[in-house]
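In: From the sequence below, what's the structure:
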Amino acid sequence: MARIHPSAQVADGARLDDDVEIGPLAVIGPRVMIGAGSRIGSHVVIDGRTTLGRNNVVHAHAVLGGPPQDKKYAGEDTALVIGDDNTIREFCTFSTGTVQGGGTTRVGSRNWVMAYVHVAHDCIVGDDCVLANTATLGGHVEVSDWAILGGMCAVHQFVRIGAHAFVGGGSMMVQDLPPYTMCQGYPAQPRGINVEGLKRRGFDADSIMLLRRAFRLLYRDNLGAAEAVAAIEALARDEAQTDAQRQRLLLLAQFVAGSTRGIMR
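Out: Model prediction:
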């Protein structure tokens, strides 16, 4: 049974699974669903059509499920969906989606979200990501699995950040960052492959060297984007590559080919 502090306000209609804890002066709206084992800190506000999965920890003063900061929003029934095992620190703000963006803001599982992070309407954040203090995502931003965003970085609306990418602190991102790549600056510029991050996630030396070759094709060999994609796909077809290596190269090529804002150069 949920444990609710006497000073908290939980609206009729809210659905709290077993072992949910609601802290002092928290406010839970009528269309909120919170999964088993989640802990909601003091003064947290969760509103709108918001779903939290299991074992999430939300720290004091976070606001989840507030309306989009979008002038087009006119009160439509949109949603925020959060997965399992996330840590969401103090004063974070996650907005619901907009009709124009598909209606749902999504945050995956096992993410570590530090204080004052903002996730705007219609964003998609994958699994196992780290968003450091005051990282700010504009509307419609996509952050893929295992990405790390440094403190005080800002991501322009509709920008995509690839899997295992690393955004340096204070960066201003206005174009897409390919998978496995590091960037930093104002505006952000690509700096190389995220070698340390890949090592920590079990990528072997041969795989990292292969991604370095792909980075050179993309950024150092004076190729246009389409030419670089073709060269990376050719590298993936080399019979010397393992299935895992081939899949990683194809992921990189597909990301670049699918960019609408263009990748940072």
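In: ok, how many other residues are close to the residue nearest to residue 15 when sequence neighbours are not counted?
Out: Distances taken as CB to CB, 6 or more residues apart in numbering place residue 33 nearest to residue 15, at 4.5 Å, with adjacent residues excluded. No exception for glycine: its C-beta is placed from N, CA and C like everyone else's. Neighbours of residue 33 under the rule other CB atoms under 10 Å: 17.
In: now the one 10 residues further on
Out: When neighbours are defined as other CB under 10 Å, residue 43 has 19 of them.
In: cool, residue 184 as well?
Out: 16.
In: SS state for it?
Out: Here residue 184 is strand, with the state taken from DSSP: H, G, I helix; E, B strand; the rest coil.
In: Got the domain ranges for this structure?
Out: By the assignment in automatic domain parsing, the chain contains the domains 3-143, 198-257.
In: Could I get the average pLDDT for the last one?
Out: The average of the pLDDT scores along domain 198-257 is 96.
In: Distance across that domain, terminal residue to terminal residue?
Out: The separation between the terminal residues of domain 198-257, taken as CA to CA, to the nearest Å, is 23 Å.
In: For that domain, what is the distance to the chain centroid?
Out: Its chain's C-alpha centre and that of domain 198-257 lie 23 Å apart, by CA atoms, centre = their mean, to the nearest Å.
In: One more: the first one?
Out: For domain 3-143, the distance between its averaged C-alpha position and the chain's averaged C-alpha position is 13 Å (CA atoms, centre = their mean).
In: now the domains of the chain in CSV, with distance to residue 162?
Out: As requested, these are exported to CSV (distance: least, CB to CB, whole Å):
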stretch, distance to residue 162
domain 3-143, 9
domain 198-257, 5
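In: which of these sits most buried?
Out: Mean neighbours per residue, mean count of other CB atoms under 10 Å, is largest over those for domain 3-143, with a mean of 20.
In: Can you check the distance spanned by it, start to finish?
Out: With CA to CA as the measure, domain 3-143 spans 34 Å from end to end.
In: what's the answer for stretch 109-123, then?
Out: 14 Å.
In: next one: stretch 165-180
Out: Chord length of stretch 165-180, first to last residue, is 5 Å (CA to CA).
In: ditto for stretch 169-180
Out: Across stretch 169-180, first to last residue, CA to CA, it's 17 Å.
In: what about the helices in the protein?
Out: Under the criterion DSSP state H, the chain contains helices at 195-200, 205-219, 225-236, 243-257.
In: Out of those, flag the one nearest residue 38.
Out: Among the helices of the chain, the nearest to residue 38 by CB to CB is helix 195-200 (27.6 Å).
In: Give me the contact list for the closest one.
Out: The set of residues external to helix 195-200 that reach it, using CB atoms under 8 Å, 6 or more residues apart in numbering, is 146, 148, 164, 166, 180, 207, 208, 211.
In: quick one, what contacts the residue sitting nearest the centre point of the chain?
Out: In the chain, the centroid-proximal residue (CA atoms, centre = their mean) is residue 125; its distance is 2.7 Å. Shown in contact with residue 125 (CB under 8 Å, 6+ apart): 106, 107, 108, 111, 119, 131, 137, 143.
In: Bridged to the first one, which residues?
Out: The one in question is residue 106. Beta-bridge partners for residue 106, by DSSP bridges, are residue 81, residue 124.
In: just checking, it touches residue 124?
Out: Yes: with contact defined as CB atoms under 8 Å, residue 106 and residue 124 form a contacting pair (4.9 Å).
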